[in-house]
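> coords please:
(chains A and B)
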Amino acid sequence: EAGVAQSPRYKIIEKRQSVAFWCNPISGHATLYWYQQILGQGPKLLIQFQNNGVVDDSQLPKDRFSAERLKGVDSTLKIQPAKLEDSAVYLCASSLAQGSFYEQYFGPGTRLTVT
Amino acid sequence: GENVEQHPSTLSVQEGDSAVIKCTYSDSASNYFPWYKQELGKRPQLIIDIRSNVGEKKDQRIAVTLNKTAKHFSLHITETQPEDSAVYFCAASKGGGADGLTFGKGTHLIIQP
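All right, here's what the predicted structure looks like:
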């Protein structure tokens, strides 16, 4: 089966600019996650969707980050305005359903550099 | 919220020897503990996981143990090979609805030839 797709793979922007990332989960996967992985650290959950509803966004910096999952399939994550500390790899993951019986499959990530 | 501590941050072993990576978690409600392997520039990939109703799980050269009382779990790799070189992350989740993973900071495993 096709894996989780993300684009773009790399993005360089200046601080205070805006940027958007796109994720297409594995077909049929109802649950979608966005993680932020800063260099040298483990991924940190930003937001979890179940179909097109938000399950958990407690760690999403809502003053600058937003995410949506229209129609319960693709998702976009936006940063506006970007800060230097937003430089990281943004990983999208999906699972068949919510609950720990289902493996989370990760996409290749988008590497963001903010200068 | 959940906090996962992982040790060591770097582990160097001779090829053929065993490697052990340890993690502790803070939230006693966590019930799912996966381990991910991440090669440089690649996505994290699940290598083994364990649920709270099991104390140990093994898959060929890889095993994971869980001590719920002490809130710690460990990854054991036997007969290490060069392709085992990577960064390994432990994680924890409460399962149920909000089941996003809380990751440790990672262990860079280096297999010396």
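
> okay, CA-based contacts and neighbour counts for the rest of this
Noted.

> which residues does stretch A:88-97 contact?
The contact list for stretch A:88-97 (C-alpha atoms under 8 Å, 6 or more residues apart in numbering or on different chains) reads A:4, A:6, A:23, A:25-26, A:28-39, A:43, A:50, A:102-113.

> which residue sits closest to B:V64 in space, ignoring its chain neighbours?
Nearest residue to B:V64, sequence neighbours excluded (C-alpha to C-alpha, 6 or more residues apart in numbering or on different chains): B:L75, at 4.6 Å.

> count of neighbours near the one you found?
A count of nearby residues for B:L75, using other C-alpha atoms under 10 Å in any protein chain shown, gives 23.

> which residues does the residue positioned nearest the centre of chain A bridge with?
Nearest residue to the geometric centre of chain A (C-alpha atoms, centre = their mean): A:W34, 2.9 Å. Under DSSP bridges, the beta-bridge partners of A:W34 are A:I47, A:C92.

> just checking, it touches A:V54?
No: A:W34 lies out of contact with A:V54 (C-alpha atoms under 8 Å); the separation is 11.5 Å.

> can you pull the residues that touch both of those two?
In contact with both A:W34 and A:V54: A:47-48, using C-alpha under 8 Å, 6+ apart.

> residues from chain B in reach of chain A?
The interface of chain B toward chain A, taken as C-alpha under 8 Å from any C-alpha of the partner chain, is made up of B:32, B:42-46, B:89, B:93-106.

> taking those residues one by one, which sit in strands?
B:32, B:45-46, B:89, B:102-103 (DSSP state E).

> min pLDDT across the residues you listed, which one?
In terms of pLDDT, the lowest of these is B:Y32, showing 90.

> just for chain A, where's the confidence low?
Scanning chain A for pLDDT under 70 picks out A:1, A:98-101.

> strands along that one, start to end?
Using DSSP E, the strands of chain A run over A:5-7, A:10-13, A:19-24, A:31-37, A:44-50, A:53-56, A:65-68, A:75-79, A:88-95, A:105-106, A:110-114.

> name the SS class of the closest residue to B:E79 other than its chain neighbours, please.
Distance criterion C-alpha to C-alpha, 6+ apart; nearest residue to B:E79, sequence neighbours excluded, is B:G16 at 4.1 Å. On the three-state scheme (DSSP: H, G, I helix; E, B strand; the rest coil), B:G16 is labelled coil.

> phi, psi for B:G16 please.
The phi and psi values for B:G16, taken as degrees, to the nearest 10, are phi 100, psi -20.

> surely it touches B:Q81?
Yes: here B:G16 reaches B:Q81: they are 6.3 Å apart, a contact under C-alpha under 8 Å.

> give the contact list for the nearest residue in space to A:G107 that is not next to it in sequence.
Spatial nearest neighbour of A:G107, excluding adjacent residues (C-alpha to C-alpha, 6+ apart): A:V4 at 4.6 Å. By C-alpha under 8 Å, 6+ apart, A:V4 lies in contact with A:23-26, A:92-94, A:105-108.

> can you do 7 Å?
By C-alpha atoms under 7 Å, 6 or more residues apart in numbering or on different chains, the residues touching A:V4 are A:24-26, A:93, A:106-107.

> B:G16 and B:Q81 - which one has more neighbours?
Set B:G16 next to B:Q81 and count neighbours by other C-alpha under 10 Å: B:Q81 wins out with 18 against 15.
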